[in-house]
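Chemist: make a model of this:
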Amino acid sequence: MMANPHRGQVPLVAGAATYTLSMSINAMCALEAKLGRPMGAIMTDILAMHGDPARMSLTLLRAVLWAALQDHHAVDEAGAGDILGEAGLPAALGGVTQAFTLAFPAKKAGAEARPPVAAG
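Modeler: Numbering: from 1, shown residues only. You can find the predicted model right below:
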């Protein structure tokens with residue numbers, strides 16, 4: 001299956017295989033539950049890894065990759081680690097970061113916020 005960026009999907013090539021990453025609500029909830037941390041803190045740490053190699057956490061990157069794979073691939077954490085090893089750290093970090101970016105698109109200039117939905 002080809003990744004569809006309009007649906008928040010990102011391709012990750014690992015060896016001869018191509019995987020589809022996405023950070024859906026279910027993926028993010030699973031990640032929060034696994035790590036016991038809020039999504040904002042996880043995203044902050046992932047973004048910090050780009051600018052400072054000393055902040056690289058393989059455990060965190062593997063967990064985020066595991067979560068990003070869940071919507072399209074039945075893989076456990078060890079399998080996510082194998083994919084991480086095949087893809088390489090830069091590609092995996094770039095892929096999960098892009099998946100996060102697509103999950104939280106920036107507001108377009110001039111776009112108005114959606115009005116709240118009435119309860120009832």
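
Chemist: only C-alpha atoms from now on, for both contacts and neighbour counts.
Modeler: Fine.

Chemist: wait, what's in contact with the most centrally placed residue in the chain?
Modeler: Closest to where the C-alpha atoms of the chain average out (C-alpha atoms, centre = their mean) is residue 96, at 3.6 Å. By C-alpha atoms under 8 Å, 6 or more residues apart in numbering, the residues touching residue 96 are 21, 22, 64, 65, 68.

Chemist: quick one: secondary structure of it?
Modeler: helix (DSSP: H, G, I helix; E, B strand; the rest coil).

Chemist: please apply the same query to residue 13.
Modeler: Under three-state DSSP, residue 13 comes out as strand.

Chemist: could you report the neighbour count for it?
Modeler: Neighbour count of residue 13, defined by other C-alpha atoms under 10 Å: 17.

Chemist: could you verify my assumption that it touches residue 85?
Modeler: No: at 11.1 Å, residue 13 and residue 85 do not qualify as touching, with contact defined as C-alpha atoms under 8 Å.

Chemist: re the thing from before, quick check: the gap between the residue nearest to the centre of the chain and residue 106.
Modeler: 17 Å (C-alpha to C-alpha, to the nearest Å).

Chemist: same thing with residue 35?
Modeler: Residue 35 is 26 Å from residue 106, by C-alpha to C-alpha.

Chemist: between those two, which is the more surrounded one?
Modeler: residue 35 (14 against 8).

Chemist: pull out the buried positions in the lowest-mean-pLDDT helix or strand in the chain.
Modeler: Ranked by mean pLDDT, DSSP states H and E, the weakest helix or strand in the chain is helix 39-51, scoring a mean of 91. Buried residues in helix 39-51, counted by 16 or more other C-alpha atoms under 10 Å: 42, 45, 46, 47.
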